[in-house]
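Novice: okay, predicted coordinates and the sequence, questions at the end:
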Amino acid sequence: MGRFSALRLLREGLTGNRGWTPHWRDAAPQPAYDIVVIGGGGHGLATAYQLAATYGQKRVALLEKGWIGGGNVGRNTTIVRANYLLPSNQGFYALSLRLWERMEQDLNYNVMMSQRGVLNLCHSDAQRDAAIRRGNTIRLSGEGAVYLDAKALKKDWPFLDYDNARFPIRGGLLQPRAGTARHDAVAWGYARAASDLGVDIIQNCEVTGFDIRGGKIFGVETTRGAIAAGKVGVAVAGNTSRLMQMAGLRMPIESHVLQAFVTEGLKPVIPGVVTFGVGHFYISQSDKGGLVFGGDLDGYNSYAQRGNLPMVEHVAAAGVSMMPMIARARLLRSWGGIMDMTMDGSPIIDRTPVEGLYLNGGWCYGGFKATPGSGLVFAHLLATDTPHEAATGFRLDRFARGHVIDETGHGPTPNLQ
Ligand SMILES: Cc1cc2nc3c(=O)[nH]c(=O)nc-3n(C[C@H](O)[C@H](O)[C@H](O)COP(=O)(O)OP(=O)(O)OC[C@H]3O[C@@H](n4cnc5c(N)ncnc54)[C@H](O)[C@@H]3O)c2cc1C
């Protein structure tokens, strides 16, 4: 496809932009591959790319039932961070954040990675203590975090409601290296780089069944015919339980809708990402000026990529409690995506009881930031049959063994994770 460079941009600009070609080959399915990855979201694409780039796999296909970027990878609120407390999560997200920092160079693609900081507000002494403890753990891992009291916060975040008697802001934990990236560019960048390395990116190809004999996988059935495969990796986010059911496997996952919202474009006002500590609300400002925000899940199981009006009101109310001036902005659009919520809020990257069938799922509403790390560790598992050292905790059998990774302490309540 040719490399992007300043010189090439200049040349194309001067010659009518006639030299650009499609970002990736529109491949037709071949009868057989060594590895088939199902799901053209961020995780499937990053996995396919890493299989070719890092593990030298030559015969890889990625199957997507719709179009690249049509799932959660193109629907999220673009927040990237590594501010976890528990060791299994922290090491993995630290790896992922380091991969984010070099993604544009690795992929030769502008994903608009912007390390503008993520701030988690605290409203009580108990929250402050918990934030400082988490911050210290993050600092010990070298990822960087700083606790700011209300006085310090007022300098860069003057628009927050510090005088709210019900939800007084005591301070906040800031991770300066966290931030945002343009979500659909991440999908396109991985698709382009993977295709360049020989991966067949096959859109409009829905997997409708598995060819499993004697407990081993031999391929997949799709709307474009049967495809034989030595190994199959599933990375279908909100459709995980549906797909795994086709392989006879019941997952510790529920699917829920999460909505997001964007306002009309405003002049720069929010310096980074900020989250409310007493309700579920998070907000940042896009490069076009729109305030991008989200909150709670809709609260019922669904496979529909759309939500309902009561949650629009609920999220808007949380936003106004945190920063009253948002009430003046006009809402432009809202949309929804399907979240694969696990029983402990942490992901699953593991082999399955079916030989040759591997699972990457259970990302809940935090999987965008995991994209590069997830691609690397899932490709490692698929290529070597051993878990990557950064993902040894994300086992499928951890729920049976009692080794859950419950970051929020909510217990087995997927709608609250
Ligand atoms: C509103 C919203 C806000 C969010 N905000 C954030 C955030 O700020 N930060 C963050 O880290 N995370 C966030 N997330 C979560 C994050 O987007 C997801 O966890 C992550 O994108 C899931 O991984 P993915 O990109 O691979 O999923 P997807 O993009 O959903 O990819 C899965 C793909 O599998 C395909 N598929 C499904 N079934 C089949 C089949 N049978 N055959 C072939 N293909 C199939 C789907 O069409 C889809 O394209 C948010 C999600 C939503 C919806």
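Specialist: Here it is on my side, so go on.

Novice: interface residues of the stretch 301-417 of the chain facing the ligand?
Specialist: Residues of the stretch 301-417 of the chain found near the ligand (C-beta under 6 Å from any ligand atom) are 337, 363, 365, 366, 367, 368, 369. C-beta coordinates here come from the backbone N, C-alpha and C atoms, glycine included.

Novice: excluding sequence neighbours, find me the nearest residue to the most centrally placed residue in the chain.
Specialist: By C-alpha atoms, centre = their mean, the chain has its centre lying nearest to residue 368, at 1.5 Å. In this structure, residue 368 finds its nearest non-sequential neighbour in residue 76, 4.4 Å apart by C-beta to C-beta, 6 or more residues apart in numbering.

Novice: please report phi then psi for the one you found.
Specialist: Backbone torsions for residue 76, taken as degrees, to the nearest 10, come to phi -80, psi 180.

Novice: and for it, the neighbour number?
Specialist: 23 (other C-beta atoms under 10 Å).

Novice: if I pick it, what's in contact with it?
Specialist: Contacts here follow C-beta atoms under 8 Å, 6 or more residues apart in numbering; on that basis residue 76 touches 183, 260, 337, 365, 367, 368.

Novice: for the residues of the stretch 301-417 of the chain next to the ligand, which one is nearest residue 247?
Specialist: Closest approach between these and residue 247, by C-beta to C-beta: residue 363, at 19.2 Å.

Novice: any idea how far residue 346 is from the closest one?
Specialist: 9 Å (C-beta to C-beta, to the nearest Å).

Novice: for residue 25, same thing?
Specialist: Applying C-beta to C-beta to residue 25 and residue 346 gives a distance of 35 Å.

Novice: and these two? Which one has more around it.
Specialist: residue 346 (24 against 17).

Novice: state the pLDDT value of the closest residue to the more buried one other than its chain neighbours.
Specialist: Spatial nearest neighbour of residue 346, excluding adjacent residues (C-beta to C-beta, 6+ apart): residue 405 at 3.8 Å. For residue 405, the pLDDT comes out at 95.

Novice: repeat for residue 1
Specialist: pLDDT, residue 1: 67.

Novice: try the one 3 residues further on
Specialist: Here the pLDDT value assigned to residue 4 is 93.

Novice: how about the contacts made by the nearest residue to it once chain neighbours are set aside?
Specialist: In this structure, residue 4 finds its nearest non-sequential neighbour in residue 108, 5.6 Å apart by C-beta to C-beta, 6+ apart. Listed by C-beta under 8 Å, 6+ apart, the contact partners of residue 108 are 3, 4, 193.

Novice: so the first one: helix, strand or coil?
Specialist: The reference is to residue 3. Secondary structure assignment for residue 3 (DSSP: H, G, I helix; E, B strand; the rest coil): coil.

Novice: neighbours of it, how many?
Specialist: Neighbour number of residue 3 under other C-beta under 10 Å is 9.

Novice: what touches both of residue 363 and residue 346?
Specialist: With C-beta under 8 Å, 6+ apart, residue 363 and residue 346 have no common neighbours.

Novice: who are the contact partners of residue 231?
Specialist: Residue 231 touches 34, 35, 36, 217, 356, 357, 358, 382, counting by C-beta under 8 Å, 6+ apart.

Novice: swap the cut-off to 10 Å and go again
Specialist: Residue 231 sits next to 33-37, 51, 57, 60, 217, 355-358, 381-383, 385 when contact means C-beta atoms under 10 Å, 6 or more residues apart in numbering.

Novice: residue 75 too?
Specialist: Counting by C-beta under 10 Å, 6+ apart, residue 75 touches 41, 69, 183-184, 258-260, 305, 335-338, 368.

Novice: repeat for residue 306
Specialist: Counting by C-beta under 10 Å, 6+ apart, residue 306 has contacts 257, 259, 298, 334, 335, 336, 337, 338.

Novice: for PyMOL, what selects the buried ones among these?
Specialist: Buried subset of those, written as a PyMOL selection, criterion 16 or more other C-beta atoms under 10 Å:
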select buried, resi 257+259+298+334+336+337+338
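
Novice: from the contacts of residue 306, which land in helices?
Specialist: Counting by DSSP state H, no part of the contacts of residue 306 is found in helices.

Novice: how about the strand or helix carrying residue 93, does it reach the ligand?
Specialist: Using DSSP states H and E, residue 93 sits in helix 87-101. No: counting by C-beta under 6 Å from any ligand atom, the ligand has no neighbours in helix 87-101; the shortest distance is 9.4 Å.
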